[in-house]
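> Please find the sequence and the predicted model below.
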Amino acid sequence: MSIGLLDLNDSNLQLWHGDAHVQSPGYALLNGGCYLFGKSARAAARLRPRDVNTRYWWRLSTEALQPALGPARHTGDLVHAHLVTLHEESGKPAEVLLAVPGSMQRDQLALLLGIVQQCPFEAVGLVNRSVALGSLFDPAGRLFHLEIQLHQSLVSELSAREGMLELRHATPLPGCGLLQLQERLVEIVAAEFVRQTRFDPRRKADTEQQLYDALPNALRALHGGGVTNLDVNGYQARVSAQQLQAAGQRLFDSASEAMGAPQPGDAVIADSLAALLPGLSGAFEHLHVLKGSDILDALRLHQDQLTQRSE
């Protein structure tokens with residue numbers, strides 16, 4: 001039986017097993033007495049904000065949930081329930097190889113592996129996802145990985161030495177997560193709706209949710225520049241890539257500061273989510289935007305080496 005390959009970036013958790021590929025952003029929705037995870041929970045984030053938690057992967061611990069969210073005692077309970085859901089949706093692999101972000105502390109990793117022991121599968125390998133992704137490249141100098149999580153971004157510095165790729169350090173970028181980036185983008189777009197149509201999509205939860213739902217397709221349409229239209233509740237506003245570029249400036253500046261003064265041979269690899277941000281290509285030299293499947297390729301490439309059933 002094939003091993004499940006699980007990428008634990010809470011912006012979009014991905015699990016591959018055989019022909020199955022499950023994608024599930026780190027949203028938990030209390031629905032009655034049970035939880036929904038992933039896209040269905042994200043679709044209710046603006047409609048039922050008190051019933052949604054997006055911090056449980058980021059703040060993985062056994063401290064009591066504040067505020068409470070149904071029967072879960074702490075974020076570890078939500079992580080367990082999300083893992084079980086991913087396992088079921090992917091065809092129930094017996095073994096799973098985990099790729100984790102460098103922002104997870106040692107106590108969080110220990111707790112994660114303890115949670116997995118209570119899941120209907122066995123963890124047979126653990127790898128830093130930035131190192132795994134960096135192994136697909138042959139850097140002449142320093143290699144930086146820009147990772148976008150829900151509540152922060154992360155810059156991981158990698159270096160090659162004696163045929164091995166090593167993580168030198170990982171620098172969190174507070175206030176630069178996907179949720180904060182979305183908020184800044186939505187502020188700009190909502191202002192254009194008001195200016196052009198006098199309709200404010202943020203005044204009601206249902207139209208605000210429509211605006212958030214429409215944002216990813218609008219950003220894809222703006223890839224490379226130009227203008228696009230957004231439709232919300234029968235109203236239409238026109239926005240340009242140039243107008244939205246300011247939304248990512250804090251991320252670009254914070255990431256550049258974390259990388260320090262450029263050195264010959266430096267290169268940057270960025271998560272595919274970053275590619276949706278107008279202005280990314282001009283913010284970094286020698287930039288390569290990753291595909292969503294690159295982590296799968298990296299895990300498959302090193303699967304035999306990473307699988308450690310006896311440990």
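Yep, that arrived. Keep in mind that this is a model prediction, so the values were computed, not measured.

> longest helix of this structure?
Ranked by residue count, the top helix of the chain under DSSP state H comes out as helix 178-197.

> helices or strands up against that one?
helix 205-221, strand 227-232, strand 235-240, helix 241-244 (3 or more C-beta pairs under 8 Å, 6 or more residues apart in numbering; DSSP states H and E). Just so you know, the C-beta spots here come from the backbone N, C-alpha and C atoms, and that holds for glycine as well.

> Turn the ones you listed into TSV, including mean pLDDT.
Compiled in TSV, those are given as follows (pLDDT from 0 to 100):
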stretch	mean pLDDT
helix 205-221	95
strand 227-232	95
strand 235-240	96
helix 241-244	94
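
> In stretch 136-146, which of the residues would be classed as buried?
By 16 or more other C-beta atoms under 10 Å, the buried positions in stretch 136-146 come out as 137, 139, 142-146.

> Quickly check those residues for the two that are furthest apart.
Maximum pairwise distance in the buried residues of stretch 136-146, criterion C-beta to C-beta, is 14.4 Å, between 139 and 146.

> returning to what we had before: mean neighbour count and distance to residue 61 for the helices and strands packed on helix 178-197 - can I get that in CSV?
Shown next, in CSV, are these (neighbours: other C-beta atoms under 10 Å; distance: least, C-beta to C-beta, whole Å):
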stretch, mean neighbour count, distance to residue 61
helix 205-221, 17, 28
strand 227-232, 16, 38
strand 235-240, 16, 39
helix 241-244, 18, 35
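
> looking at the ones you listed, which is closest to residue 68?
Here helix 205-221 is closest among the helices and strands packed on helix 178-197 (C-beta to C-beta), at 21.7 Å.

> neighbouring contacts of that closest one?
Helix 205-221 is contacted by residues 43-47, 182, 185-186, 189-190, 193, 201-202, 228, 230-233, 239, 244, 276-278 when judged by C-beta atoms under 8 Å, 6 or more residues apart in numbering.

> angle of that helix against helix 178-197?
With axes from the mean of the first three to the mean of the last three C-alpha atoms, to 10 degrees defining the directions, helix 205-221 sits at 100 degrees from helix 178-197.

> by how many degrees do helix 205-221 and strand 227-232 diverge?
With the same axes, to 10 degrees defining the directions, helix 205-221 sits at 160 degrees from strand 227-232.

> Centre of the chain to helix 205-221, how far?
18 Å (C-alpha atoms, centre = their mean, to the nearest Å).

> Report the buried residues of the lowest-mean-pLDDT helix or strand in the chain.
Here the helix or strand of the chain ranked lowest by mean pLDDT, DSSP states H and E is helix 280-283, holding a mean of 88. Buried residues in helix 280-283, counted by 16+ other C-beta under 10 Å: 280, 283.

> Give the next helix or strand downstream of that helix.
As assigned by DSSP states H and E, the chain's next helix or strand after helix 280-283 is strand 287-289.

> Just give the nearest non-adjacent residue to residue 2, would you?
Take residue 2 and drop its neighbours on the chain: the residue closest to it by C-beta to C-beta, 6 or more residues apart in numbering is residue 18, 5.3 Å away.

> Can I get the least confident helix or strand of the chain in CSV, CA atoms only?
Only the C-alpha atoms of helix 280-283 are listed here, as CSV (Å, rounded to 0.1, in the frame of the first residue of the first chain):
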residue,chain,number,x,y,z
LEU,A,280,5.8,39.9,-6.2
SER,A,281,8.0,39.5,-9.3
GLY,A,282,9.5,42.9,-8.9
ALA,A,283,10.1,42.5,-5.1
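
> Quick check: which ranges of the stretch 101-250 of the chain have low pLDDT?
Flagging of the stretch 101-250 of the chain using pLDDT under 70 yields an empty set of residue ranges.
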